[in-house]
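Visitor: the amino acid sequence is not available; the structure is as follows:
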């Protein structure tokens, strides 16, 4: 491989990458120079806040269901326990 070819290879690779990127951007109709970084940051923060709020709501709903299930299970356990004691003839004071 000659020296000239070695020096041209990185330039050719860079040129290929630039053309591939430009082609990709053109297909999406997106102009990276038209993006306002402040708008982008604001939209990103708003999206993150919305996702966190939605996640928090779903987590709280799940915790509520788990707590209600635990309470009902304990209630059934104690009702069955005292019912069994009554069937055995043991006086139960509630």
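Guide: Happy to help now that I have it. Note that the structure is predicted; figures quoted are calculated from it, not measured.
Visitor: from now on I want contacts and neighbour counts done on CA atoms only, so please keep to that.
Guide: Fine.
Visitor: tell me the SS of residue 74?
Guide: At residue 74 the chain is in helix, as set by DSSP: H, G, I helix; E, B strand; the rest coil.
Visitor: what's the neighbour count on it?
Guide: 12 (other C-alpha atoms under 10 Å).
Visitor: separation between it and residue 65?
Guide: Look at residue 74 and residue 65: by C-alpha to C-alpha, to the nearest Å, they are 14 Å apart.
Visitor: pLDDT score assigned to residue 58?
Guide: Note on residue 58: pLDDT of 93.
Visitor: burial of it, as a residue count?
Guide: 12.
Visitor: secondary structure element for it?
Guide: In this assignment (DSSP states H and E), residue 58 forms part of helix 37-87.
Visitor: other SSEs contacting that helix?
Guide: Judged by 3 or more C-alpha pairs under 8 Å, 6 or more residues apart in numbering; DSSP states H and E, helix 37-87 is in contact with no other helix or strand.
Visitor: can you give me the offset of that helix from its chain's centre?
Guide: In terms of C-alpha atoms, centre = their mean, to the nearest Å, the centre of helix 37-87 is found 17 Å from the chain centre.
Visitor: residues touching stretch 73-87, excluding its own?
Guide: Stretch 73-87 has contacts (C-alpha atoms under 8 Å, 6 or more residues apart in numbering) with 91-92.
Visitor: one more time with 10 Å
Guide: Residues from elsewhere that reach stretch 73-87 (C-alpha atoms under 10 Å, 6 or more residues apart in numbering): 67-72, 88-94.
Visitor: for those, work out which two are farthest apart.
Guide: 67 and 89 (33.3 Å; C-alpha to C-alpha).
Visitor: the two - which one has more neighbours?
Guide: Legend: neighbour count by other C-alpha under 10 Å for residue 67 and residue 89, higher for residue 67 (12 against 9).
Visitor: mind listing residues that contact stretch 4-16?
Guide: If you take C-alpha under 10 Å, 6+ apart as the criterion, stretch 4-16 is touched by 17-22.
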